[in-house]
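*Asks:* the following comprises the amino acid sequence and a computationally predicted model.
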Amino acid sequence: MDILERNFYRRSSIQVSKELLGKLLVRKNDNGLLIGKIVEVEAYMGTIDKAAHSYGGKITKRNKVMYGDAGYAYVYMIYGMYYCMNVVTSCINNPEAVLIRAVEPLYGLEDMSKFRYGREFNALTKKEIINLTNGPGKLCKAMNINKENNEENLCSDELFIAEDPNRQDFDIVESKRINIDYAEEAKDFLWRFYIKDNPYVSKK
DNA sequence: AAAATGATCAAG
DNA sequence: TTGATCATTTTA
């Protein structure tokens, strides 16, 4: 597989987030690989972005990986129940990241079904299949991404992002980011990007 | 519309 | 030490 190298991530979060659309998120587990095509992302822009965990230069145990080099995973628990996965971008001491909000499941759907619902893929309804990975918490559950993956090197072979060998053309839609109403003026920035008409984009 | 659910963080 | 918050999902 053609794994993205670190220099890909060493650029502005906005630039990287748009280019991540259509790429493959790959998770290695005991049974083999789980693969999802990235269809929805959000950019979080360092210390000046009121929606970002790094706003104001705040550095904590949770978000410290954002201040390191690009190409590492930032995985955190939210609402006590779910994990969200980000990709750290930019450079050291510029804490930018891209939230992976949705993927289209391509490979390892049986395992994803077990992780997500604890049931066989064959038993899923159409709606349940769509709901496998169409949200940041959902895709982490389906791909077994959790706190163990925080600070993981994405330029390794355990958890990484690769080029899609069957890439198709698509249009990119820009919109406001989701669930950041606390972020004052930053809540209106068009830093959410998704593949137009893809069925796995999270609910509008 | 509102519950579920607990780690995280800033305040005291 | 404590209490409010939260880049969500599910259920009703």
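*Replies:* Okay, I see it. Residues are numbered from 1 along each chain as shown, chains lettered A, B, ... in the order given.

*Asks:* need the pLDDT of the nearest residue to residue A:153 once chain neighbours are set aside.
*Replies:* Leaving aside its sequence neighbours, residue A:153 sits nearest to residue A:72 (C-beta to C-beta, 6 or more residues apart in numbering; 5.9 Å). C-beta: built from backbone N, CA, C; applies to glycine. For residue A:72, the pLDDT comes out at 98.

*Asks:* what segments of chain A are helices?
*Replies:* Applying DSSP state H to chain A gives helices spanning A:6-9, A:13-20, A:109-117, A:126-130, A:136-142.

*Asks:* could you list the residues in contact with the shortest one?
*Replies:* When you say that, I think you mean helix A:6-9. The set of residues external to helix A:6-9 that reach it, using C-beta atoms under 8 Å, 6 or more residues apart in numbering, is A:16, A:19, A:69, A:70, A:71, A:87, A:88, A:89, A:154, A:155.

*Asks:* tally of neighbours for the third one?
*Replies:* Same thing as residue A:69. As a burial measure, residue A:69 scores 16 neighbours (other C-beta atoms under 10 Å).

*Asks:* dihedrals phi and psi, it?
*Replies:* Note on residue A:69: backbone dihedrals following degrees, to the nearest 10 are phi -70, psi 160.

*Asks:* is it true that it touches residue A:91?
*Replies:* Yes - counting by C-beta atoms under 8 Å, residue A:69 touches residue A:91, with 7.3 Å between them.

*Asks:* once you drop chain neighbours, what's closest to residue A:106?
*Replies:* Computed as C-beta to C-beta, 6+ apart, the closest residue to residue A:106 that is not its neighbour in sequence is residue A:35, at 4.7 Å.

*Asks:* show me which residues of chain A sit near DNA strand B.
*Replies:* Contacts of chain A with DNA strand B, taken as C-beta under 7 Å from any atom of the strand, map to A:53, A:58, A:60-63, A:76-81, A:147.

*Asks:* and the pLDDT at residue A:39?
*Replies:* 98.

*Asks:* cool, residue A:152 as well?
*Replies:* Listed pLDDT for residue A:152 reads 98.

*Asks:* now do the strands in chain A.
*Replies:* A:24-29, A:32-45, A:73-78, A:82-89, A:96-107, A:159-162, A:172-175, A:192-195 (DSSP state E).

*Asks:* of all the ones you listed, which one is nearest DNA strand C?
*Replies:* Among the strands of chain A, the nearest to DNA strand C by C-beta to the nearest atom of the strand is strand A:96-107 (3.2 Å).

*Asks:* deepest-packed of the helices of chain A, please.
*Replies:* Greatest average neighbour count among those goes to helix A:136-142 (a mean of 23), per mean count of other C-beta atoms under 10 Å.

*Asks:* convert the C-alpha atoms of it to CSV, please.
*Replies:* Taking Å, rounded to 0.1, in the frame of the first residue of the first chain, the C-alpha atoms of helix A:136-142 are listed here in CSV:
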residue,chain,number,x,y,z
PRO,A,136,-16.6,10.3,14.4
GLY,A,137,-17.6,8.1,17.3
LYS,A,138,-19.1,5.5,15.1
LEU,A,139,-16.1,5.0,12.9
CYS,A,140,-13.8,4.7,15.9
LYS,A,141,-16.0,2.0,17.4
ALA,A,142,-16.3,0.1,14.1
